[in-house]
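**Student:** Got a predicted structure here, sequence first:
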Amino acid sequence: MNIRFLGTHNSESKDTNPACILIDHFLAIDAGGLVSSLSFSEQLAIKALLVTHHHFDHIKDIPMMGLTFHIHNSRIHIYSIKPVHDALAYIFEYPEKFYTNFLTHPQEKPTINFTEIKPLEPFIIKGYSILPVPMKHSVPSVGYQITSPSGKKLFYSGDTGKGLAESWQHISPDLLVVEVTAADGFLKFEKEASHLTPALLKEELISFKKIKGYLPNVITVHMFPQNPEKELIIRELNQIAVDLDTPIIPGIEGMQVTL
Ligand SMILES: [Zn+2]
Ligand SMILES: [Zn+2]
């Protein structure tokens, strides 16, 4: 399984994109960096897009991809929970035809084919098994475990706060891609906003090991890109990697990993 990190931060600039990964060139999770990171042919090669939740940084590229797919008479297959469908419908329609509604246009065969999924109900896309797992965020949200045809497993958390013991019960990844948004000094804010800091990640990884008996390799995404906070997060993550004796790598745009 080839995993390409297209967006690994929580904000956008010429060097950073919001959260977004691409698996084996055809399966994307979240839409924070699908347009600016990919050529048109790479965008059109995406056969399925899994979305974790409806916050704007995770859905923002969907309207522009809609136009590209529409121009090429192709379709995007999006899989997510109902609030994501409702948010897209709202964006497309508000206040009056904000943009072409690719959920319903063209009428005979809409450009976006949205499949509503339910947490903990697995499904298959091109031989890859997908398991949506409920996460702890400020709005309904699911992470996804992807199992490749060869049996390699990736879990992508999307945005989440603490308290993941229940979620860990359902997964057994070789690689955990998990959000860590801010440094520990922002603990209060992050608790309120349902995100993780390095200290909170450490608690969750200890909980994972207790439940599953091992620790997967970890790559973190969704962090603030500004210094000095970025340097602080990386320093705190390095310390946790030492404490837990497991690799924890802060993701950067353009990084590729093979499982
Ligand atoms: Zn969010
Ligand atoms: Zn986010």
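**Tutor:** Yes, it's here. Residues are numbered from 1 along each chain as shown. Ligands and ions are numbered 1, 2, ... in the order given.
**Student:** what secondary structure does Gly185 sit in?
**Tutor:** Here Gly185 is recorded as helix under DSSP: H, G, I helix; E, B strand; the rest coil.
**Student:** looking at this, Gly161 is in a strand?
**Tutor:** No - applying three-state DSSP, one finds Gly161 to be coil, outside a strand.
**Student:** Surely it is in contact with Ser141?
**Tutor:** No - look at Gly161 against Ser141 with Cβ atoms under 8 Å: they stay out of range, at 9.8 Å. From N, CA and C alone the C-beta is placed, and that goes for glycine too.
**Student:** okay, these two: which has more neighbours?
**Tutor:** Per other Cβ atoms under 10 Å, whichever of Gly161 and Ser141 has more neighbours is Ser141, with 28 against 21.
**Student:** OK, contacts around the more buried one?
**Tutor:** For Ser141, the contact set (Cβ atoms under 8 Å, 6 or more residues apart in numbering) comprises 52-53, 81, 134-135, 158-160.
**Student:** Disregarding flanking residues, what is the spatial nearest neighbour of the residue in the stretch 101-250 of the chain that ligand 1 sits nearest to?
**Tutor:** Ligand 1 sits closest to Asp159 of the stretch 101-250 of the chain, with a gap of 3.5 Å, by Cβ to the ion. Nearest non-adjacent residue to Asp159, counting by Cβ to Cβ, 6 or more residues apart in numbering: His137, 4.8 Å away.
**Student:** Could you check how far Pro83 is from ligand 2?
**Tutor:** As defined by Cβ to the ion, to the nearest Å, Pro83 lies at a distance of 14 Å from ligand 2.
**Student:** which element is that residue on?
**Tutor:** helix 82-93 (DSSP states H and E).
**Student:** Indicate whether that helix makes contact with ligand 1.
**Tutor:** No - judged by Cβ under 5 Å from the ion, helix 82-93 stays clear of ligand 1, getting no closer than 11.4 Å.
**Student:** again, but for stretch 165-181
**Tutor:** No - with Cβ under 5 Å from the ion as the criterion, ligand 1 is not reached by stretch 165-181; the gap is at least 8.5 Å.
**Student:** Show me how far that stretch is from its chain's centre.
**Tutor:** 12 Å (Cα atoms, centre = their mean, to the nearest Å).
**Student:** And the average pLDDT for it is what?
**Tutor:** Here stretch 165-181 scores 97 as its mean pLDDT.
**Student:** just to revisit the earlier point, the helix holding Pro83 - contacts with which helices or strands?
**Tutor:** helix 56-59, helix 62-71, strand 112-116 (3 or more Cβ pairs under 8 Å, 6 or more residues apart in numbering; DSSP states H and E).
**Student:** just the ones you listed: most buried one?
**Tutor:** helix 56-59 (a mean of 20; mean count of other Cβ atoms under 10 Å).
**Student:** Can you tell me what sits against that one?
**Tutor:** 10-12, 18-19, 30-32, 51-52, 84, 87-88, 91, 158-159.
**Student:** Ligand 1: which of these is nearest?
**Tutor:** Nearest to ligand 1 among these, with distances taken as Cβ to the ion, is Asp159, at 3.5 Å.
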